[in-house]
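K.L.:
Show me how the following folds:
(2 chains)
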Amino acid sequence: MQEQHASGFAATVWNYITTYNNILNDAARHADFVAEASGVMNAARQQQYLNRIMQLHAAFLELSVFDLSGQETLRMGRFLGPSPPMRNFFQETPFQVALQQGQFLGSLERFQGLYPTLTIAVPIVDPRIPQAKPTGVLLGKISLNGLSQMLVQQFPEGGKSEAAVVGPDGFLIAHSNPKMVFKVDAKLPKEITDVILTQTQEKGGGEVVLQTGKTFLGAYAVVSQLGWVVYVQQPIESAYGAAIEMKGEILRVLVWVVAVTILLSLAVAGHITQPIRALNQAAERLGKGHFEEVPELSMTNDEIGDLAQAFIHMAEQIKERTGELSHAKEELEKFAHFLEKRVEARTRELRAAQDELIKKERLAAIGQMASVVGHEIRNPLAVINNSTYFIKTKLGVGAAAGTGPPVDPKIAKHLSIIESEIKQANSIISEILTFSRSRELKPEIIAINNFLEELLGVHPFPSHINVVRELDASNPVVNIDLDEMRQAVRNLIGNGVEVMPNGGTLTVASEVVEAGWVRVSIKDTGSGIPPDVVEKIFAPFFTTKARGTGLGLAVVRKVIDRHNGKVDVESVVGKGTTFRLYLPISAQVAGFPEPAQKA
Amino acid sequence: MADKNLIKLLIIDDDTHLRESLAEVLELDGFECQQAGNAKDGIETAKKLNPRVVIMDIQLPDSSGFQICQTLRKASKETILIMMTGRFLSAEEKTQGFELGADEYITKPFDLAELSIRIRQLLTRGAKA
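P.N.:
Model (predicted):
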């Protein structure tokens, strides 16, 4: 578009110039204009002719005629006085060029310093003579304001396009804004002239960026005959007007779309995505059991807000429930553990109680039976005893010996055997009744060594038994039923004596073996007890003796059990046996006066 | 017969053999023995004959020896009351018996010489008192 404008106007410019050039040429070759006589011009006619031209064509500011010597012969000007001074142009370029080349177009200048003018010079030639030589030169100065006026019409002010005609060296010939032209040294911006005056092409165009930062779409076309350039420019905005506008619109729409999309996204994110994500995260944390880390869920007042509220409520409930559950679980575990322990303990207790019960029941049954049997046997024993006594008395045996007739010694012997067996039977019965009877313990505080010394002091040891005492120096105090404990220790001493018929050492020891416990040991140097027998020796009625109830050690165990003590045995066959009784040391040790100190 | 020198003694026991054997042994020692097989007869005989000594079994078919003891002690403070038993008596039982008036306990089978001496001791003290 711009280039077309430029080219079009370039043609116009040329036409414009050509018009005036033709006028001058026509004048210079007009018969009235040339000399009447050879070598002489008719000044009067020339003046008449040029006047007419000046009247017809306002663009001619000055017209001059020169003769071949370069002397000005006629000079007319719109702003000259009646007799202007005549000049000699022989040395001037227009004169010489016109003569030699038949035409001169050039010498752009500003008439009166403002209005651009062009000088055209043509040789004056007689058209009637073929190959006639010039007789002079016709020179005219043409105002180029007309070009500006044409530009103004074509590119009116206020429009976006501007156009100019520029001469060589950037001389501003015409401009769509004439004010630009009517200045001393009027020029187009350097950026433009730099471009258009260095072009090699006849025409062209492109973007020009001015120092002001404004970008124009410019186009130029060279008026080749003159070396002028027509330049047309349009601000890039208006040059690309529609496109730019469309682009702008699209851009605006795009911006709007993007903005709206972003806002919408934000809104959506804010209202839907973000809360849902928050909910999701919260749910994940809940799932992992991090109830304390559930984020603050402040939600909008819509469905998602409701959902969030429901979720928060749910989370709280889950937290609460889980708390309750874990608490309950802990409690349950504790309780289960406690129960387990209790059950274990109770089971042990029950088993022990059961064992004890069985033992007691058995013993009770034994006791009951023994009691009945004992009682029932004691009656006949008493009768036998009475009868024997009667017979002995009648026969004069024993206490009544020597009072009657002599008695067969064998009868006396058998009566003694009967009496002895009655006693034996009675002692067995006594033993059984002692073992089976249940009486309340009557514990008394006593120093263990004193108890043992007292017992050993009255025990009828045979002479072949060496008795050794190894008593603990601390002499701990125990709380024991004296009758029962005496019976128990007596049984052990008796056993020890019994297993050493050929002599031996019986060691009775007391020793504090651990805090709160004293051990009483009765050690013999007898034949020892085989391991298979050792296991059974505390069982009631178990005996290895020819005569024995098998209750001696059973009584020992019963007594020690009743004192919350322990009894064990260590025996090496051929070396001897040691019975050990463990008794709790009484807490009432403090302030207990020893019998020895009493005295 | 030197009936007046003999000491009247009553034996109450449901065992005939025991009763008789004991009676005959004690008769050798100068006691005039009466016998009863149960509590009812024993009490009646005691009231009728007023014996100086009563030896009674603790267990009788119709009653306990302690009840006879109590009854007889109420009737007479001088009568020597000896309790006879075939089983162990607890200290409580013995104490209870003494409180009801019993003077002595003997456990079957008993040493008859010892019993005779003991009875005479009790009679001597009773006479002194």
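K.L.:
and the host helix or strand of A:Val559, anywhere near chain B?
P.N.:
Element membership for A:Val559, per DSSP states H and E: helix A:552-562. No - contact of helix A:552-562 with chain B (C-beta under 8 Å from any C-beta of the partner chain) is absent, the minimum separation being 14.1 Å. No exception for glycine: its C-beta is placed from N, CA and C like everyone else's.
K.L.:
which helices and strands sit right next to that helix?
P.N.:
Packing contacts for helix A:552-562, counted by 3 or more C-beta pairs under 8 Å, 6 or more residues apart in numbering or on different chains; DSSP states H and E, involve helix A:409-436, helix A:482-498, strand A:566-572, strand A:576-584.
K.L.:
Select, out of those, the one closest to A:Leu553.
P.N.:
For these, proximity to A:Leu553 was assessed by C-beta to C-beta; helix A:482-498 is nearest, at 6.9 Å.
K.L.:
Now do the buried residues in the closest one.
P.N.:
Of the residues in helix A:482-498, A:484-493, A:495-497 count as buried by neighbour count, 16 or more other C-beta atoms under 10 Å in any protein chain shown.
K.L.:
Can you tell me, leaving aside adjacent residues, what's nearest to the residue sitting nearest the centre point of chain B?
P.N.:
Central residue of chain B (C-alpha atoms, centre = their mean): B:Ile55, 1.4 Å from the mean position. Once flanking residues are discounted, B:Ile55 sits nearest to B:Ile82: 4.5 Å by C-beta to C-beta, 6 or more residues apart in numbering or on different chains.
K.L.:
Check the gap between the one you found and B:Leu115 for me.
P.N.:
8 Å (C-beta to C-beta, to the nearest Å).
K.L.:
Would you confirm that the residue nearest to B:Ile55 belongs to a strand?
P.N.:
Yes - checked against DSSP: H, G, I helix; E, B strand; the rest coil, B:Ile82 lies within a strand.
K.L.:
is it in a bridge, and if so with what?
P.N.:
B:Ile55, B:Glu104 (DSSP bridges).
K.L.:
Just to check, it is in contact with B:Glu104?
P.N.:
Yes - using C-beta atoms under 8 Å, B:Ile82 is in contact with B:Glu104, at 4.7 Å.
K.L.:
So which of these two has more stuff around it?
P.N.:
For B:Ile82 versus B:Glu104, neighbours defined as other C-beta atoms under 10 Å in any protein chain shown are more numerous around B:Ile82 (22 against 18).
K.L.:
got a pLDDT number for that one?
P.N.:
B:Ile82 is assigned 95 on the pLDDT scale.
K.L.:
Ok, A:Ile244 next?
P.N.:
So, for A:Ile244, pLDDT stands at 66.
K.L.:
same question, the one 3 residues further on
P.N.:
The model reports A:Lys247 with a pLDDT of 73.
K.L.:
how about the helix or strand hosting A:Tyr389, does it reach chain B?
P.N.:
According to DSSP H and E, A:Tyr389 maps onto helix A:303-395. Yes - against chain B, helix A:303-395 shows contacts by C-beta under 8 Å from any C-beta at A:371, A:374-376, A:378-387, A:389-390, A:393-394.
K.L.:
how about the helix holding A:Val559: buried residues?
P.N.:
A:552-560, A:562.
K.L.:
quick one, that helix and helix A:409-436 angle?
P.N.:
Taking axes from the mean of the first three to the mean of the last three C-alpha atoms, to 10 degrees, one finds helix A:552-562 and helix A:409-436 inclined to each other by 30 degrees.
K.L.:
which residues are in contact with helix A:552-562?
P.N.:
A:363, A:431, A:434-435, A:441, A:481, A:484-485, A:487-488, A:491-492, A:494-495, A:537-542, A:566-567, A:579, A:581-583 (C-beta atoms under 8 Å, 6 or more residues apart in numbering or on different chains).
K.L.:
Mind doing that once more with 6 Å?
P.N.:
A:435, A:441, A:484, A:488, A:491, A:537-538, A:540, A:567, A:581 (C-beta atoms under 6 Å, 6 or more residues apart in numbering or on different chains).
K.L.:
related to what we said a few turns ago, turn the helices and strands packed on helix A:552-562 into TSV, including distance to A:His5 and mean pLDDT.
P.N.:
Output for the helices and strands packed on helix A:552-562, formatted as TSV (distance: least, C-beta to C-beta, whole Å; pLDDT from 0 to 100):
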stretch	distance to A:His5	mean pLDDT
helix A:409-436	148	86
helix A:482-498	145	93
strand A:566-572	133	93
strand A:576-584	133	95
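K.L.:
of those, which approaches chain B most closely?
P.N.:
helix A:409-436 (5.4 Å; C-beta to the nearest C-beta).
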